[in-house]
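Trainee: Kindly generate the corresponding structure for this input.
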Amino acid sequence: MKNVCMTRLVFTLIIVASLMVTTIMAGSEFCDSKCEVRCSKAGRADRCLKYCGICCEECHCVPSGTSGNKDECPCYRDK
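Mentor: Numbering: from 1, shown residues only. Model prediction:
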């Protein structure tokens with residue numbers, strides 16, 4: 001009986017953990033796609049993607065276009 005309860009508990013925890021990972025990755029996909037567009041013409045794309053991703057994760061926004069428009073997003077505007 002204890003083994004059955006323990007197995008159910010472990011199984012439930014695995015399912016909950018996998019749902020949480022999916023939710024977290026969904027936000028990352030949003031930022032990745034927005035930053036990919038934002039940094040498409042950057043001379044240092046790796047650096048642009050890094051800092052764009054940090055701002056996007058923090059504020060959930062990325063300015064439109066490939067440069068400028070920093071007033072559209074508080075992370076870009078205020079930092």
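Trainee: Show me the residue sitting in the middle of the chain in space.
Mentor: Compute the mean C-alpha point of the chain, and by C-alpha atoms, centre = their mean the closest residue is Ser28, 2.4 Å away.
Trainee: list the contacts for that residue?
Mentor: Residues in contact with Ser28 (C-beta atoms under 8 Å, 6 or more residues apart in numbering) are Glu57. Using the backbone N, CA and C atoms, a C-beta is placed for each residue, glycine as well.
Trainee: helix/strand/coil for Ser40?
Mentor: Counting by DSSP: H, G, I helix; E, B strand; the rest coil, the backbone at Ser40 sits in coil.
Trainee: Next, count neighbours for it.
Mentor: Neighbour count of Ser40, defined by other C-beta atoms under 10 Å: 10.
Trainee: Leaving out chain neighbours, which residue sits closest to it?
Mentor: What sits nearest to Ser40 in space, not counting adjacent residues and going by C-beta to C-beta, 6 or more residues apart in numbering, is Thr66, at 5.8 Å.
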